[in-house]
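predicted coordinates and the sequence they were generated for:
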Amino acid sequence: MLNATNSDAIAVDAVIFGGGVSGLWTLDVLHRAGYRCVLLESAALGAGQTVGSQGIIHGGLKYTLAGALTRSAEAIRDMPGVWRDALAGKPGQPDASATTMRSEFCHLWRTGSLGSRLGMVGARVGLRVKPQRLPRERWPAVLRGVGGVFQLDEQVVSPPSFVESLAALHPDALVRYDAESLRVNRDESGTVDALSCASGSTRLRFRPAAVVLTAGLGNATLRELAGIQEPRMQRRGVHMILLREADPGNGAVADLNGHCVDGNKTRVTVTSDVDTHGRRVWQVGGQVSEDGTDMPSEDLLRHALREVKASLGDAPQLGTDAVQWATYRLDKAEVTTAGGLRPDDAFVEQHGNVVTCWPTKLALAPRLAERVLALMPKPGAESDGVPPPDLVSCERPVVASPPWETCDRWTPGNLIACDDARSAIPTCS
Ligand SMILES: Cc1cc2nc3c(=O)[nH]c(=O)nc-3n(C[C@H](O)[C@H](O)[C@H](O)COP(=O)(O)OP(=O)(O)OC[C@H]3O[C@@H](n4cnc5c(N)ncnc54)[C@H](O)[C@@H]3O)c2cc1C
């Protein structure tokens, strides 16, 4: 129960919990529709999935590799166009034009295997964004040993920079609060009619018309507080691989964003960035990171070195001390599905005045936000589209650091390449 009476609480149209892509995109959509909102973040903006993601704005290709237009592909195929407008700062979408782009497109390449060739054929089903074959002279140097290269117009964003650009749209609506301090009051019908929490030394009390849960894994606890049990959340773990130049600019790690397609799988997915010391970094996901879910880090590093080298045809420098490797684990937060599979679409469901959201993919955040908007009651009488004025003394959340900045256990490639060095391979905490 709250200590506060509802009369001294701030009336808002929506309290949004969680400042990853879902919360920040939704905040802007609601704000532009005239809703007065506050976004409560318990840690750092984008902490967890968004900042740890690869930043690819998928258009469904990876869901059509078996040769059919799947429900997943159908749900996501319009998203690249929406994101392109947002990233260009066009009206009608959140202005994300301050985002640093990793690339305007992905490369798609195949190894020389028959399965890989069939996968490319199956990739052309009913998508807005289709792979275009590149002549050999336009293949990036790092892919010169592979069996065929395509360009796929799926943009790749730098996730921390994207979070920063959306956060800058509504800085006054963002509050960092202490999750332990949260109190939720429900009336006899189950409606959440009051919320209270601490932000620094300030105690905040809200009277929300709606509560929007976009806290990723954090939604599980928040839903318990709101008395919501079904449907439940599932976690799907991935064990991602990082590799970086040992010295800034040594050229051992190329700028590359894209997928190696083998059969109906993305064997590896590589995205590139540059760390604060100027070293080129790769995040490696795809099948290799799913294979690694139950592997200890040192086993995954060996598996990944083999897989990445095989995917690139030839990349001997990856197994030398010019390159350092690490891994990190993340759980994807999703609605429970039969068999624990990835849901086909963004999940948005209302219980009373509480809306639970899991986007499933970064790329689906616009679809999620439009669904939240469709569930909102009309803006309240006190709403004028501006954030509440009483939040001046609150703590403000910062943007989370990407995994390569927080990981402090890196292994030189030559140690991974040497089978005898098993005990010498440190793991990334
Ligand atoms: C390794 C990896 C790679 C991925 N790559 C891609 C990709 O390339 N393209 C793509 O489309 N999708 C990708 N995804 C999926 C995508 O990252 C997620 O679907 C998406 O980021 C989820 O966003 P979210 O805002 O719902 O949750 P999160 O990003 O998890 O954000 C949740 C926020 O809520 C906050 N929070 C947690 N608990 C509380 C609480 N109690 N109160 C308030 N705030 C709270 C967290 O600190 C965080 O800021 C990837 C996912 C992973 C794990």
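That came through, no problem.

nearest the geometric middle of this protein, what residue?
residue 50 (3.1 Å; CA atoms, centre = their mean).

could you export the one helix or strand it maps to as PDB, CA atoms only?
Residue 50 belongs to helix 49-52 when assigned by DSSP states H and E. Output in PDB follows, covering the C-alpha atoms of helix 49-52 (Å, rounded to 0.1, in the frame of the first residue of the first chain):
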ATOM      1  CA  GLN A  49      19.000  -6.500 -24.400                       C
ATOM      2  CA  THR A  50      18.900  -3.200 -26.300                       C
ATOM      3  CA  VAL A  51      22.500  -2.100 -25.700                       C
ATOM      4  CA  GLY A  52      23.800  -5.700 -25.900                       C
END
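
how about residues contacting the helix or strand just after that helix?
Note on helix 49-52: by DSSP H and E, the next helix or strand toward the C-terminus is helix 71-76. For helix 71-76, the external contacting residues (CB atoms under 8 Å, 6 or more residues apart in numbering) are 58-61, 63-64, 125-127, 342, 344-346, 361, 363-364, 367. Quick note: C-beta positions are derived from backbone N, CA and C, even for glycine.

and stretch 81-100, by the same measure?
24-25, 28-29, 57, 101, 128, 155, 157-158, 161-162, 164-166, 168-169, 363, 366.

can you classify the closest residue to the ligand within the stretch 201-350 of the chain by secondary structure?
Residue nearest to the ligand within the stretch 201-350 of the chain: residue 218 (2.0 Å; CB to the nearest ligand atom). Judged by DSSP: H, G, I helix; E, B strand; the rest coil, the three-state class of residue 218 is helix.

pLDDT-wise, which helix or strand of this protein ranks last?
helix 114-122 (a mean of 65; mean pLDDT, DSSP states H and E).

what does the stretch 251-400 of the chain put close to the ligand?
Residues of the stretch 251-400 of the chain lying close to the ligand (CB under 6 Å from any ligand atom) are 285, 330, 332, 358, 359, 360, 361, 362, 363.

now that we have those, which one has the most neighbours?
residue 359 (28 neighbours; other CB atoms under 10 Å).

pretty sure that residue is touching residue 22, no?
Yes. Between residue 359 and residue 22 there is a contact under CB atoms under 8 Å: 5.1 Å.

any common contacting residues for those two?
Joint contacts of residue 359 and residue 22 (CB under 8 Å, 6+ apart) are 365, 368.

tally of neighbours for residue 141?
By other CB under 10 Å, neighbour count at residue 141 equals 8.

please disregard the earlier target; I meant residue 335.
Using other CB under 10 Å: residue 335 sits among 19 other residues.

same question for residue 232.
Neighbour count for residue 232, taken as other CB under 10 Å: 10.

burial count for the closest residue to the residue of the stretch 201-350 of the chain closest to the ligand other than its chain neighbours?
Once flanking residues are discounted, residue 218 sits nearest to residue 18: 6.0 Å by CB to CB, 6 or more residues apart in numbering. Neighbour count for residue 18, taken as other CB under 10 Å: 30.

need the phi and psi values for residue 18.
Main-chain dihedrals, residue 18, degrees, to the nearest 10: phi 100, psi 120.

return the residues in contact with it.
So residue 18 contacts 39, 40, 41, 42, 213, 214, 215, 216, 218, 219 (CB under 8 Å, 6+ apart).

widest-spaced pair of the residues of the stretch 251-400 of the chain next to the ligand?
Farthest-apart pair in those is 285 and 358; separation 18.8 Å (CB to CB).

quick revisit: from the contacts of stretch 81-100, list just the buried residues.
24-25, 28-29, 57, 155, 157-158, 161-162, 164-166, 169, 363, 366 (16 or more other CB atoms under 10 Å).

quick one: list the elements packing against the helix holding residue 50.
helix 159-167, strand 323-335 (3 or more CB pairs under 8 Å, 6 or more residues apart in numbering; DSSP states H and E).

which other helices and strands does whichever helix or strand comes after the first one contact?
Meaning helix 159-167. Once helix 159-167 ends, the next helix or strand along the chain (criterion: DSSP H and E) is strand 174-176. Counting by 3+ CB pairs under 8 Å, 6+ apart, the packing neighbours recorded for strand 174-176 are strand 37-41.

contacting residues around the strand it packs on?
The contact list for strand 37-41 (CB under 8 Å, 6+ apart) reads 10, 12-19, 23-24, 27, 30-31, 170, 173-177, 197, 206, 387-388, 391, 397.

any regions of the stretch 301-429 of the chain where pLDDT drops low?
Applying pLDDT under 70 to the stretch 301-429 of the chain flags residues 381-390, 419-429.

I'd guessed the residue of the stretch 201-350 of the chain closest to the ligand sits against residue 17; true?
Yes. With contact defined as CB under 8 Å, residue 218 counts as touching residue 17 (7.0 Å).

and these two? Which one has more around it.
residue 17 (28 against 21).

and the closest residue to that one other than its chain neighbours, what does it touch?
In this structure, residue 17 finds its nearest non-sequential neighbour in residue 215, 4.7 Å apart by CB to CB, 6+ apart. By CB under 8 Å, 6+ apart, the contact list for residue 215 reads 17, 18, 20, 23, 42, 222.
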